[in-house]
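**Student:** fold the following, please.
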Amino acid sequence: MSPVPHRGPGKPVRFGPHIEMPMPMRWVAYLPDRSATLRYGAALAQVLSPGDLLILRGPLGAGKTTLVQGIGAGLGVTDPITSPTFVIARLHRDGRVPLLHADAYRLGGIDELDDLDLDMDLEDAVTVIEWGEGIAEHLAEDYLLVDIDRESHDAGEGRVISLHPRGGTWSDRLADLGSGA
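**Tutor:** Sure thing, here's the model as predicted:
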């Protein structure tokens, strides 16, 4: 018997009950320059709470650290925010919510991330991990995956940022961000 249902002349193909799977929601914005990225990060910070995990992905020079600087400004962090590539993680405690900024670029996997004991600060801080995809998802049941693309033809001189909520109340909170697409 053929796996494809038989269809005679004029008869529609029927595969059984049709189940439509909803597409995961995502928010997309075009950021033309560094200052727009900083403003976007500051706006994003307004919907963040202690315990939130953001995982940033994008090529070198895409603007991941710039986005974190904007998030820090939105959280009231006054300490300078620089790339944690060589120190792996920095905790900024001087904002309305502490900001844990980590970089998983040099880490070899989940075990090395676990060795940093980031989970000690996860509940009390907003945690942003650059290069964290494939390594950091286990740190929280719900997280926000942030794509920053500077290499797409659509980006031109700027960047395209896409937010992909994974569980929890992210979709509701991002609706408040006002950049749904």
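**Student:** from here on, just use CA atoms for contacts and neighbour counts.
**Tutor:** Will do.
**Student:** what sits against residue 93?
**Tutor:** 77, 99 (Cα atoms under 8 Å, 6 or more residues apart in numbering).
**Student:** now the strands for the chain?
**Tutor:** Along the chain, the segments classed as strands by DSSP state E run 27-31, 53-57, 89-92, 99-103, 126-130, 143-149, 159-166.
**Student:** gap between residue 131 and residue 149?
**Tutor:** According to Cα to Cα, to the nearest Å, residue 131 stands 13 Å off from residue 149.
**Student:** give me the common contacts of those two.
**Tutor:** Contacts common to residue 131 and residue 149, judged by Cα under 8 Å, 6+ apart, are residue 58.
**Student:** next, count neighbours for the closest residue to residue 58 other than its chain neighbours.
**Tutor:** Of all residues not flanking residue 58 in the chain, residue 148 sits nearest, at 4.9 Å (Cα to Cα, 6 or more residues apart in numbering). Using other Cα atoms under 10 Å, the number of residues around residue 148 comes to 26.
**Student:** need the pLDDT of residue 148.
**Tutor:** According to the prediction, residue 148 has pLDDT 93.
**Student:** residue 75 and residue 45 touch, don't they?
**Tutor:** Yes: between residue 75 and residue 45 there is a contact under Cα atoms under 8 Å: 5.9 Å.
**Student:** count the neighbours of residue 175 for me.
**Tutor:** Using other Cα under 10 Å, residue 175 has 13 other residues around it.
**Student:** and residue 94, what is it in contact with?
**Tutor:** Neighbouring residues of residue 94 by Cα under 8 Å, 6+ apart: 76, 77, 78, 79.
**Student:** just the buried ones from the residues you listed, in PyMOL syntax?
**Tutor:** Entered in PyMOL, the line below selects the buried ones among the contacts of residue 94, by 16 or more other Cα atoms under 10 Å:
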select buried, resi 76+77
